[in-house]
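Trainee: Structural data only, the sequence is not supplied:
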Ligand SMILES: Nc1ncnc2c1ncn2[C@@H]1O[C@H](COP(=O)(O)OP(=O)(O)OP(=O)(O)O)[C@@H](O)[C@H]1O
């Protein structure tokens, strides 16, 4: 039975495990990136060290050649640092972009494998937003966050080591600035996200008013609504101004606190440097180096704080994506293959409700469709025919009872072994017609495609298309009538060649002029298969080997067309009403 539940959101541990899986086999590449970035950051220390050494050399009346040598060492180190950092950032971006590509693939694969019932329960909007917005947020976090994190984190760590190497007492600066940065970050991460969300929402409202006025310009003019429209747009724009001001104030507060931390740090280094030099335990050059080291930290620390927001959002989105990937109930690992050949389709006392609190839609339904047999299901609207079809195709699971295909439980079957459901909703994919038909059989030859089209009565019109099988159909291509789309669906089915088929009013959409052609096509497509046909047109039911009549979620009659008509029950009633209707 189905229950109300949204799509899962993975917890921290599962998300981390998934990320580890994404990077599996890339450990050496990751270690290489870390080493290169560490080397780049370490070489960067040579520049402030060089300046300090220059100061000490000048104080000690060293020669110009000594100073020049230090300058050359600094230049080489700066170049080396730039090259290594650039290489490290590029390699880390490549590493993470590759992981992102796999994440996208996994997400699309999982979304496509999700049972339709799960998507319906959770709401398709949730899935769409995870597949688009959340993937976008993660890629944004990776594109902006990873290079900044890689560069900044290593610079901060290596600089702290540099302080310690110079004189451990310079580390006092870290004790002074860390609390200020910590509070600045806490404030920013608490205040900024709702302000940015508010700003985006205000922009969306303004766009909504502007688009509404532009699209409905004729109505705006006709009813003299120009003034009111302008007022709404004004109000929307003013909302954007207010939220943008708040966002800028939030940013300025952050930068104000960062500047305060920088001031405190510099003052600490000046004081510690003065005391150390005064006590003779450090040189003026060392104090200069300490100050330059600290100045180098400004950009990386600000960068780290600013990427916290996208990284946080990225982590939240990643857990939503990993939730979907883990949620796929897909085919069981040890899915059973029942082999080729015709098979029996059977339900045993199947009961079903759409929701826990809803009424029962199917009551202990037991049916058997023998191998190769075509059984039609008829009944009044709301009898439960479509629900039965959905259960047989594995879209919903019974609350109780079992469904078996060739004596194997439906739940244990691989997805491509399950009965194929053909409904009246046919989607024609954009592209050459032959590609559309080959969706279900990529290796089919043009001759096989043509035979399938002939069998369902579609070759006559396909042959007359401007480019025959190569004609571009679907959105923006050659338009097809509903009947032709149905025929395409039947031809796809023939090419797929499944042993068990469920037709849910697959030919119901056609005009009566087209109905006979489609029914012939459907008959051909069902030849040799085990088929259950939900029939709206009773002529279609009359062609079946046997008919089941459904009412109120129960099978109330079972027999051939002739036998049921003679019995004078519900089917006979439906048939005479249908015959009168057809004249
Ligand atoms: N997604 C759903 N959620 C809740 N109830 C549903 C849902 N789909 C169908 N039902 C209910 O289940 C019952 C059986 O519907 P079903 O569509 O299976 O009947 P049907 O015989 O196929 O009818 P029709 O011929 O009109 O398509 C109806 O009462 C219907 O309101």
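Mentor: Sure, I can see it. The structure displayed is predicted, hence computed values, not measured ones.

Trainee: Report how many residues lie close to the one residue in the stretch 101-250 of the chain that gets nearest to the ligand.
Mentor: Residue nearest to the ligand within the stretch 101-250 of the chain: residue 120 (6.5 Å; C-beta to the nearest ligand atom). Just so you know, the C-beta spots here come from the backbone N, C-alpha and C atoms, and that holds for glycine as well. Neighbourhood size, residue 120 [other C-beta atoms under 10 Å]: 13.

Trainee: any idea whether it is helix, strand or coil?
Mentor: Here residue 120 is recorded as helix under DSSP: H, G, I helix; E, B strand; the rest coil.

Trainee: what ranges do the helices span in the stretch 401-550 of the chain?
Mentor: In the stretch 401-550 of the chain, the segments counted as helices under DSSP state H, counting those that start in this stretch are 433-437, 446-455, 459-463, 482-496, 512-526, 538-543.

Trainee: Reformat those helices into CSV and put mean neighbour count and mean pLDDT next to each item.
Mentor: Formatted as CSV, these follow (neighbours: other C-beta atoms under 10 Å; pLDDT from 0 to 100):
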stretch, mean neighbour count, mean pLDDT
helix 433-437, 22, 89
helix 446-455, 18, 92
helix 459-463, 15, 90
helix 482-496, 23, 90
helix 512-526, 19, 80
helix 538-543, 21, 87
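
Trainee: Reformat the ones you listed as TSV; add distance to the ligand.
Mentor: Formatted as TSV, the helices of the stretch 401-550 of the chain follow (distance: least, C-beta to the nearest ligand atom, whole Å):
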stretch	distance to the ligand
helix 433-437	27
helix 446-455	28
helix 459-463	29
helix 482-496	17
helix 512-526	17
helix 538-543	13
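
Trainee: Residue 325 is nearest to which of these?
Mentor: Nearest of the helices of the stretch 401-550 of the chain to residue 325, taken as C-beta to C-beta: helix 482-496 at 27.1 Å.

Trainee: List the contacts of the residue in the stretch 201-350 of the chain that the ligand sits nearest to.
Mentor: At 12.8 Å from the ligand, residue 350 is the closest residue in the stretch 201-350 of the chain, using C-beta to the nearest ligand atom. Listed by C-beta atoms under 8 Å, 6 or more residues apart in numbering, the contact set of residue 350 reads 362, 364, 365, 366, 388, 391, 398, 400, 401, 402, 403.

Trainee: and which of those residues is nearest the ligand?
Mentor: Nearest to the ligand among the contacts of residue 350 is residue 388, at 6.9 Å by C-beta to the nearest ligand atom.

Trainee: show me where this protein has strands.
Mentor: Using DSSP state E, the strands of the chain run over 345-353, 360-369, 374-378, 400-405, 408-409, 420-423, 431-432, 472-473, 500-504, 530-534, 546-551, 554-559.

Trainee: near the ligand, which residues of this structure show up?
Mentor: Residues of the chain lying near the ligand by C-beta under 6 Å from any ligand atom: 354, 358, 361, 379, 381, 382, 383, 384, 385, 386, 387.

Trainee: would a markdown table of these with pLDDT be doable?
Mentor: A markdown table is the format used below for these (pLDDT from 0 to 100):
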| residue | pLDDT |
| --- | --- |
| 354 | 86 |
| 358 | 82 |
| 361 | 93 |
| 379 | 91 |
| 381 | 87 |
| 382 | 89 |
| 383 | 92 |
| 384 | 93 |
| 385 | 93 |
| 386 | 91 |
| 387 | 93 |
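
Trainee: got JSON lines for these, with neighbour count too?
Mentor: Formatted as JSON lines, these follow (neighbours: other C-beta atoms under 10 Å):
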{"residue": "354", "neighbour count": "17"}
{"residue": "358", "neighbour count": "11"}
{"residue": "361", "neighbour count": "21"}
{"residue": "379", "neighbour count": "24"}
{"residue": "381", "neighbour count": "7"}
{"residue": "382", "neighbour count": "12"}
{"residue": "383", "neighbour count": "22"}
{"residue": "384", "neighbour count": "22"}
{"residue": "385", "neighbour count": "23"}
{"residue": "386", "neighbour count": "16"}
{"residue": "387", "neighbour count": "21"}
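
Trainee: Give the closest residue to the residue with the shortest distance to the centre of the chain in space, chain neighbours not counted.
Mentor: For the chain, the residue nearest the mean C-alpha position is residue 131 (1.9 Å; C-alpha atoms, centre = their mean). The shortest distance from residue 131 to any non-neighbouring residue, by C-beta to C-beta, 6 or more residues apart in numbering, is to residue 111 (5.4 Å).

Trainee: still on that earlier bit, who wins for proximity to residue 417 among the helices of the stretch 401-550 of the chain?
Mentor: The nearest among the helices of the stretch 401-550 of the chain, by C-beta to C-beta, is helix 482-496 at 12.2 Å.

Trainee: Can you tell me which of the helices of the stretch 401-550 of the chain is nearest to residue 98?
Mentor: helix 433-437 (28.7 Å).

Trainee: one step back: can you select the buried ones from the contacts of residue 350 in PyMOL?
Mentor: Filtering these down to the buried ones (16 or more other C-beta atoms under 10 Å) takes a single PyMOL command:
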select buried, resi 362+365+388+391+398+401+403
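
Trainee: would CSV of the contacts of residue 350 with pLDDT be doable?
Mentor: CSV is the format used below for the contacts of residue 350 (pLDDT from 0 to 100):
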residue, pLDDT
362, 95
364, 94
365, 95
366, 95
388, 94
391, 92
398, 91
400, 93
401, 94
402, 94
403, 95
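
Trainee: I'd like the contacts of residue 350 laid out as JSON lines, including distance to residue 47.
Mentor: Output for the contacts of residue 350, formatted as JSON lines (distance: C-beta to C-beta, whole Å):
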{"residue": "362", "distance to residue 47": "77"}
{"residue": "364", "distance to residue 47": "82"}
{"residue": "365", "distance to residue 47": "80"}
{"residue": "366", "distance to residue 47": "83"}
{"residue": "388", "distance to residue 47": "76"}
{"residue": "391", "distance to residue 47": "71"}
{"residue": "398", "distance to residue 47": "72"}
{"residue": "400", "distance to residue 47": "75"}
{"residue": "401", "distance to residue 47": "76"}
{"residue": "402", "distance to residue 47": "74"}
{"residue": "403", "distance to residue 47": "73"}
